[in-house]
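[1] Attaching a predicted model along with its sequence, questions to come.
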Amino acid sequence: MIIAIDGPAASGKGTLARRLAEYFDFAYLDTGKLYRAVGLGVLRIGGDPEDEDQALDVAQNLDPAQLDDPDLKGDDAAQAASKVAAIQSVRAALLDFQKTLAAHPPGGKAGAILDGRDIGTVVCPEAEAKLFVTASVEERANRRHKELLDRGETSIYERVLADLKERDARDSSRAVAPLKPADDATVIDTSQMNADEAFDKAVEIIQPIY
Ligand code: C5P
């Protein structure tokens with residue numbers, strides 16, 4: 001069984017996906033990490049994330065060990081990720097890894113949960129359950145801002161908001177695999193929900209087909 005969870009940055013989809021994976025004992029892949037690892041890899045060689053040759057070279061040589069790099073969480077990696085993610089050949093290079101994990105979840109698990117931007121539309125259009133998790137950009141910026149402060153990092157709300165808007169615009173307007181709900185996805189707007197409420201809502205949707 002495959003559960004596809006898509007949505008914009010800081011919508012709560014990652015937290016939700018991890019909790020669902022634990023609850024259903026499914027494998028979990030945060031596909032954003034793949035794009036972040038490529039973006040960061042390009043930055044580390046002093047390259048330009050919008051340069052197709054450089055980004056494709058990093059994508060083709062991606063080592064799964066790079067997915068554990070703590071720097072993937074940073075804003076530089078996020079912005080670079082959304083630039084390499086707009087390149088068709090980079091997306092194609094990362095597709096097999098995602099499809100294979102979904103079809104053959106590691107650890108002999110009975111299912112897989114993938115979260116990202118195009119799981120329900122491109123990576124796993126056959127997924128049995130598709131959720132599109134979203135929230136207003138102001139609420140998402142609030143959450144990200146708080147998360148950064150809680151981690152002891154400096155953060156300016158207006159800066160976080162501007163970064164999210166920039167990434168939303170790039171992810172939604174790109175020609176390849178733009179961020180949008182699949183026709184058969186259920187939209188969960190978490191603007192007025194806490195993590196527990198979003199989890200309960202998702203379980204309500206998935207349980208009947210589990
Ligand atoms: O989800 P996360 O914020 O880690 O994703 C980083 C960037 O990677 C996104 O802004 C998006 O451009 C890209 N991405 C994507 N497709 C996915 C997952 C992430 O284009 N399936």
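    On my side now, so go ahead. Numbering: from 1, shown residues only.
[2] any low-confidence regions in this structure?
    Within the chain, not a single segment meets pLDDT under 70.
[3] who does the residue nearest to the spatial centre of it bridge with?
    With distances taken as CA atoms, centre = their mean, the residue of the chain nearest its centroid is G116 (3.0 Å). For G116, the beta-bridge partners are D6 (DSSP bridges).
[4] What residues does it make contact with?
    Contact analysis of G116 by CB atoms under 8 Å, 6 or more residues apart in numbering lists 5-6, 30-32, 123. The C-beta positions use only the backbone N, C-alpha and C, and glycine is treated the same way.
[5] out of those residues, which is most surrounded?
    The most crowded member of those, judged by other CB atoms under 10 Å, is I5 (30 neighbours).
[6] Just to check, that residue is in contact with V133?
    Yes: using CB atoms under 8 Å, I5 makes contact with V133 at a distance of 6.1 Å.
[7] Can you check which residues contact both of these two?
    Joint contacts of I5 and V133 (CB under 8 Å, 6+ apart) are 13, 16.
[8] where do the helices sit along the protein?
    Under the criterion DSSP state H, helices of the chain are mapped to 13-24, 32-44, 52-60, 75-84, 88-103, 137-150, 157-173, 195-206.
[9] Let me see the residues that make contact with stretch 5-14.
    16-17, 20, 30, 32, 78, 113-121, 130-135, 137, 140-141, 143-144, 164, 167-168, 171-172, 179, 181-182, 185, 190, 195, 198.
[10] Show me which of these are buried.
    16-17, 20, 30, 32, 78, 113-121, 130-135, 137, 140-141, 143-144, 164, 167-168, 171, 179, 181-182, 185, 190, 198 (16 or more other CB atoms under 10 Å).
[11] Restricting to those residues, which residues neighbour the ligand?
    For the ligand, the contacts drawn from these by CB under 6 Å from any ligand atom are 32, 78, 116-118, 167, 171.
[12] so how far is the ligand from A17?
    A17 sits 10 Å away from the ligand, going by CB to the nearest ligand atom, to the nearest Å.
[13] cool, Q54 as well?
    17 Å.
[14] Apart from its neighbours in sequence, what residue is nearest that residue?
    Excluding the flanking residues, the one nearest Q54 by CB to CB, 6 or more residues apart in numbering is G47, at 4.0 Å.
[15] That neighbour contacts L40, doesn't it?
    No: counting by CB under 8 Å, G47 does not reach L40; the two are 10.8 Å apart.
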